[in-house]
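**Student:** Compute the structure for the input listed below.
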Amino acid sequence: MEIGGGAAGEADAGGVPADVQRSMRAEADRLLDFARLSRTARGFGWLGDRGELLDRPLELWITCRMTHSAVLGLLTGRSEFAALVDHGVTALRTVFRDERHGGWFATVDGATAAPVDASKQAYAHAFVLLAASSTVVAGRPGARELLDEARAVHEEHFWNESKTRVWESFSADWSTTEPYLGINPVMHTVEAFLAVHDVTGEQVYLERAEEMSRQVARWAGEREWRIPEHFDLDGAPLPDYNRERPADPFRPYGATVGHALEWSRLLLSVGATRAAAGAAYDTGLVQAAVSLADRAVSDGWATDGADGFVYTTDWDGRPVVRARMHWVLCEAIAAAYAVGLVTRENRWDDLAVDWWRYARRYLIDAEHGSWRHELDDANRPAHETWVGKPDVYHALQMCLLVGDGLPLAPSFATALSRRPG
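**Tutor:** Okay, here's the model as predicted:
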């Protein structure tokens, strides 16, 4: 397997055609336009199909993702996003912050700022780290203080040294932990740790990101490259977890195709970060990344006769939830770009182009903006798992990664900040 030089250092467009890159870059700007609609008085809200704010509590993870997305917009040269970045920093330092116990509330009332769900969730706190690190890159007021606090909270409460992962969630006062460990927050903690490492230079974040990534790769390798998602507090897998609620948006039963694709890209970013510091590129991480992507494609793409990736499969690779989620397709394109960049295998570039055509045909909403978040198994708009369009994060990152030909390290905000001009 040939490993290309563009993976770790300079940006490289790979083999994705220039016209496709231009199309993705234009879509990134369209997504940013849509994201501006999510601003509320106290943070960022959940948007509906037409870009209207839905009457829902404000979610920490959405405010963090939108703050991070606003930074990416600012770093692409759109100065109007500075105000949105500062709005997000303010919301995270005031509205969502638990002054009494520390950390950040999961949801708050948009009108009163009273906590609706005061629990402390690893998934959302990973995005606090990501948003904070991005705002530091952008040099915004209060960003460094936000990052310092987020790092301290995560270190004190969420990092689970004995299991090389993170605790799932706690009660508001941190006295009770949930009797469950999940891989979804681990994945986003890896993403956040890479970003924090880029900002602080502290090796511990890269080392922990690598440890978590290698552990997930080992588990997947033992299961024909399908990742176990759910565990008890002793670290034992729970293969039947949520069998009765298979379409859960955050903890679905079975193997989650999109997560295999997302992990594939993250493994390569871990390797690229190491290589950028002068280490030899780790072929083991590359092989694991390729195996994860290959399995996800063979299990997930058009496996039931229609184009699109199914959401989940059982442990033999049979489809369970056949809905097509926008974020899965986004992570597929990003993974194909990353694997193609590292291996120089043209098939991945061809897949990225094919999947982009699918996105333009079925997922991108040219009339109302953003992407349709869910389709049924006939590629018609659906809302069984997701209501509206709460999230531009997956699509925006993918469009910038491929459209701007970004490297796999450093992470998004740092990479954009180092672009010429």
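**Student:** And for Glu224, the neighbour number?
**Tutor:** Per other C-beta atoms under 10 Å, the neighbour tally for Glu224 reads 13. C-beta here means a position set from N, CA and C on the backbone, and glycine is covered the same way.
**Student:** On the secondary structure side, give me the element for it.
**Tutor:** Following DSSP states H and E, there is no helix or strand that holds Glu224.
**Student:** What residues of stretch 216-229 count as buried?
**Tutor:** With burial defined by 16 or more other C-beta atoms under 10 Å, the residues of stretch 216-229 counted as buried are 216-217, 219-220, 225-229.
**Student:** now the helices for the stretch 1-150 of the chain?
**Tutor:** Per DSSP state H, counting those that start in this stretch, the stretch 1-150 of the chain carries helices over the ranges 18-35, 60-75, 81-93, 122-137, 143-153.
**Student:** same check, this time on the stretch 151-300 of the chain
**Tutor:** Going by DSSP H, counting those that start in this stretch, the stretch 151-300 of the chain shows helices at 184-200, 203-221, 257-276, 283-300.
**Student:** Tell me which of these approaches Ala70 most closely.
**Tutor:** helix 184-200 (15.1 Å; C-beta to C-beta).
**Student:** Figure out how far that closest one is from the centre of its chain.
**Tutor:** Helix 184-200 sits 10 Å away from the centroid of its parent chain (C-alpha atoms, centre = their mean, to the nearest Å).
**Student:** quick one: the strands in the stretch 251-400 of the chain?
**Tutor:** If DSSP state E, counting those that start in this stretch is used as the criterion, the strands of the stretch 251-400 of the chain fall at 255-256, 312-313, 319-321, 324-325, 374-375.
**Student:** Residues in contact with the last one: which ones?
**Tutor:** Right, the one you point to is strand 374-375. Strand 374-375 has contacts (C-beta atoms under 8 Å, 6 or more residues apart in numbering) with 308, 323-326, 362-363, 381-386.
**Student:** what do you get if the cut-off is 7 Å, keeping everything else the same?
**Tutor:** 308, 323-325, 362, 381-386 (C-beta atoms under 7 Å, 6 or more residues apart in numbering).
**Student:** Run through the residues that contact the residue nearest to Trp159 when sequence neighbours are not counted.
**Tutor:** Computed as C-beta to C-beta, 6 or more residues apart in numbering, the closest residue to Trp159 that is not its neighbour in sequence is Val166, at 6.3 Å. By C-beta under 7 Å, 6+ apart, the residues touching Val166 are 122, 158-160, 185-186, 189.
**Student:** tally of neighbours for Ser417?
**Tutor:** Neighbour count of Ser417, defined by other C-beta under 10 Å: 16.
**Student:** Quick one: residues contacting it.
**Tutor:** Residues in contact with Ser417, defined by C-beta under 7 Å, 6+ apart, are 75, 137.
**Student:** Dihedrals phi and psi, it?
**Tutor:** Main-chain dihedrals, Ser417, degrees, to the nearest 10: phi -70, psi -20.
**Student:** mind checking how far it is from Leu267?
**Tutor:** Noted for Ser417: a distance of 24 Å to Leu267, by C-beta to C-beta, to the nearest Å.
**Student:** again, but for Val392
**Tutor:** From Val392 to Leu267 the distance is 25 Å (C-beta to C-beta).
**Student:** All good on my end, thank you.
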